[in-house]
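**Student:** No sequence on hand, only this structure:
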Ligand code: BGC
């Protein structure tokens, strides 16, 4: 039995063929180009599905398509209610995909499905409670309580990227100011890197990006910080400060057994993990209590694909 899982990100569509054990057998990817009309993006979702199905012997071999979507998803109706980083509202994804493919389609929030995969076969295996943060275009949240994904009464329950970190802070794509994801997503690193480039075009960031703001990536900023560049280190330290500040509130809200960190920024590995592990226990209010473990998503960036496929398995 196979399912196809697609992680519909603000930057890339990452797809995979997954078997009933949750093993990812092969992958395919293409840019989302989120400025396009949603129908064009969904056409690409269908094309990726067909492409991967061929690896399994055709669409007849596929049980279902599961989609992880970067927004608030009514999982019963298969409706994407609102996705700030795509600019989509009230899209009946299930119905749209059925026009394109002869397959059952299931949809969930991207970070919720990543948390589902991590809970079943990754860093959250066997735990009762976990908070997963995906640090990518936005910040996704997956909350595992009593071994189950908590979505809230109206599917907004895991929108960790939108809790307010700064009153009157940076304007978020959701329309509110000061959201966590404006400060601690990969996008925050990119924007800070671009600002540094414009202020100091001959600095290490400017040189590495050949003066082109479009070449500034989160990975580049992290690598230069790792090498000790002054500007990149300042950006990284500010980033860690905001991420940890958010995590302190999450401890006070949920007191999870474990934080699971995924998304593109998690590729920084120990360079990210070590300061989180050292500093969080010193920042929380109740230092005498036992502390949450902090782990990287063991399924890495594949968690979103595998979790999406699990919706259909
Ligand atoms: C959205 C979430 C999503 C996250 C990661 C946020 O901006 O509101 O629903 O999980 O980005 O894509």
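**Tutor:** Okay, I see it. Small disclaimer: the values here were computed from a predicted structure and weren't measured. Numbering: from 1, shown residues only.
**Student:** Neighbouring strands of the lowest-mean-pLDDT helix or strand in the chain in the sheet, and parallel or not?
**Tutor:** Using mean pLDDT, DSSP states H and E, the weakest-scoring helix or strand in the chain turns out to be strand 148-150, at a mean of 89. Counting by DSSP bridges, the strands paired with strand 148-150 are strand 139-145 (antiparallel).
**Student:** hmm, the strand it pairs with touching the ligand?
**Tutor:** Yes. For strand 139-145 and the ligand, the contact criterion (CB under 6 Å from any ligand atom) is met by 139, 140. For every residue, glycine as well, the C-beta is placed using N, CA and C.
**Student:** Write out the residues of this protein neighbouring the ligand.
**Tutor:** 70-72, 84-85, 109-111, 134, 136-140, 159, 161-162, 181.
**Student:** Next up, the contacts around the nearest residue to residue 119 once chain neighbours are set aside.
**Tutor:** Among residues not flanking residue 119 along the chain, residue 144 sits closest, at 5.1 Å (CB to CB, 6 or more residues apart in numbering). Shown in contact with residue 144 (CB atoms under 8 Å, 6 or more residues apart in numbering): 115, 119, 124, 127, 128, 129, 130, 131, 132, 150, 256.
**Student:** Which single one of those residues is nearest to residue 80?
**Tutor:** residue 115 (18.1 Å; CB to CB).
**Student:** I'd assumed residue 130 was in contact with that closest one.
**Tutor:** Yes. Counting by CB atoms under 8 Å, residue 115 does reach residue 130; the two are 7.0 Å apart.
**Student:** Of these two, give the one with the bigger neighbour count.
**Tutor:** residue 115 (34 against 27; other CB atoms under 10 Å).
**Student:** The host helix or strand of the more buried one packs against which elements?
**Tutor:** Assigned by DSSP states H and E, residue 115 belongs to helix 110-121. For helix 110-121, the packing partners by 3 or more CB pairs under 8 Å, 6 or more residues apart in numbering; DSSP states H and E come out as strand 2-8, strand 62-69, strand 130-135, strand 139-145, strand 148-150, strand 258-262, helix 303-311.
**Student:** and residue 263, what are its phi and psi?
**Tutor:** phi 80, psi 170 (degrees, to the nearest 10).
**Student:** Would you check that it makes contact with residue 135?
**Tutor:** Yes. If you go by CB under 8 Å, residue 263 and residue 135 touch, sitting 4.0 Å apart.
**Student:** so what's in contact with the two at the same time?
**Tutor:** What both residue 263 and residue 135 touch, as defined by CB under 8 Å, 6+ apart, is the set 185, 186.
**Student:** For the protein, just list every one of the strands.
**Tutor:** For the chain, the strands defined by DSSP state E cover 2-8, 12-19, 24-31, 62-69, 72-74, 79-83, 88-92, 105-109, 130-135, 139-145, 148-150, 258-262, 293-296.
**Student:** Just name the most buried of these.
**Tutor:** Most buried of those by mean neighbour count (mean count of other CB atoms under 10 Å) is strand 130-135; its value is a mean of 30.
**Student:** Straight-line length of stretch 73-89, end to end?
**Tutor:** For stretch 73-89, the first-to-last residue distance is 10 Å (CA to CA, to the nearest Å).
**Student:** Check what pLDDT the nearest residue to residue 154 once chain neighbours are set aside gets.
**Tutor:** Spatial nearest neighbour of residue 154, chain neighbours left out: residue 72 (7.9 Å); criterion: CB to CB, 6+ apart. Note for residue 72: predicted pLDDT of 97.
**Student:** Would you mind listing the residues in contact with residue 72?
**Tutor:** 80, 81, 82, 83, 109, 154, 155, 156, 159.
**Student:** ok, what's across the strand from the residue positioned nearest the centre of the chain?
**Tutor:** In the chain, the centroid-proximal residue (CA atoms, centre = their mean) is residue 134; its distance is 3.5 Å. Using DSSP bridges, the bridge partners assigned to residue 134 are residue 140, residue 262.
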